[in-house]
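Colleague: quick one, what's the 3D model for this:
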Amino acid sequence: MRYLVKARVKEGREKQLLEAIQAGTLGKGSVAGDEYLYDMEQARVAEDGTAHWVETCYCSTPLQEERPYWEEYFELISVKDAHNRKNCRDWNGTEPWACSNCDCTKRLEEHLRKRGEPFQRKLKSGACPASSA
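Modeller: Reported below is the predicted structural model:
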């Protein structure tokens, strides 16, 4: 299933997040592998400073596996279904693991690319506001 994630970098974690991205260690140990790095390449920053990205997750609970890795650096504000579940071939059982190569991700990412600025560029410049949590 695809999820639209909205999150804010935790205060004081910007530098560590950038280092984990640059070193390729973000999400290290997770079954999701390099998806974390890919997500950060695709992520955009909205005017309010929140990061938005499309996440693929096969867990019965959204981001069950990924949540601890994201929460090390982010306050997760929302995790919403990216589209109607009945149309998801993985979720409705017509094609297990369909999200691995489904074109809906490309469409969603293209939509996000038209909004905001690239997250990593903002993070590198130090202009990515953190949460005060």
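Colleague: can we go C-alpha only for contacts and neighbour counts from here?
Modeller: Will do.
Colleague: low-scoring stretches of the chain, by residue?
Modeller: Within the chain, the stretches with pLDDT under 70 are 83-91, 96-105, 129-133.
Colleague: burial of Lys15, as a residue count?
Modeller: By the other CA atoms under 10 Å criterion, the neighbourhood of Lys15 contains 14 residues.
Colleague: Gln64 too?
Modeller: Gln64: 11 neighbours (other CA under 10 Å).
Colleague: what of Ser125?
Modeller: 8.
Colleague: and it, what is it in contact with?
Modeller: Residues counted as contacts of Ser125 (CA atoms under 8 Å, 6 or more residues apart in numbering): none.
Colleague: what does Ala20 give?
Modeller: Counted by CA under 8 Å, 6+ apart, Ala20 has contacts Leu26.
Colleague: can you report phi and psi for Arg121?
Modeller: Note on Arg121: its backbone torsions stand at phi -60, psi -40 [degrees, to the nearest 10].
Colleague: next: Thr94.
Modeller: Taking degrees, to the nearest 10, you get phi -80, psi -20 for the backbone angles of Thr94.
Colleague: go on, Glu109?
Modeller: Residue torsions, per degrees, to the nearest 10, at Glu109 are phi -70, psi -40.
Colleague: so how far is Glu72 from it?
Modeller: 24 Å (CA to CA, to the nearest Å).
Colleague: pull the contacting residues for the spatially most central residue of the chain.
Modeller: The residue lying closest to the centre of the chain (CA atoms, centre = their mean) is Trp53, at 4.1 Å. By CA under 8 Å, 6+ apart, the residues touching Trp53 are Leu4, Val5, Lys6, Asp39, Met40, Gln42, Ala43, Arg44, Glu109, Leu112.
Colleague: can you classify it as helix, strand or coil?
Modeller: strand (DSSP: H, G, I helix; E, B strand; the rest coil).
Colleague: with adjacent residues omitted, what lies nearest to it?
Modeller: Ala43 (4.5 Å; CA to CA, 6 or more residues apart in numbering).
Colleague: okay but that neighbour is in contact with His52, surely?
Modeller: Yes. Here Ala43 reaches His52: they are 5.4 Å apart, a contact under CA atoms under 8 Å.
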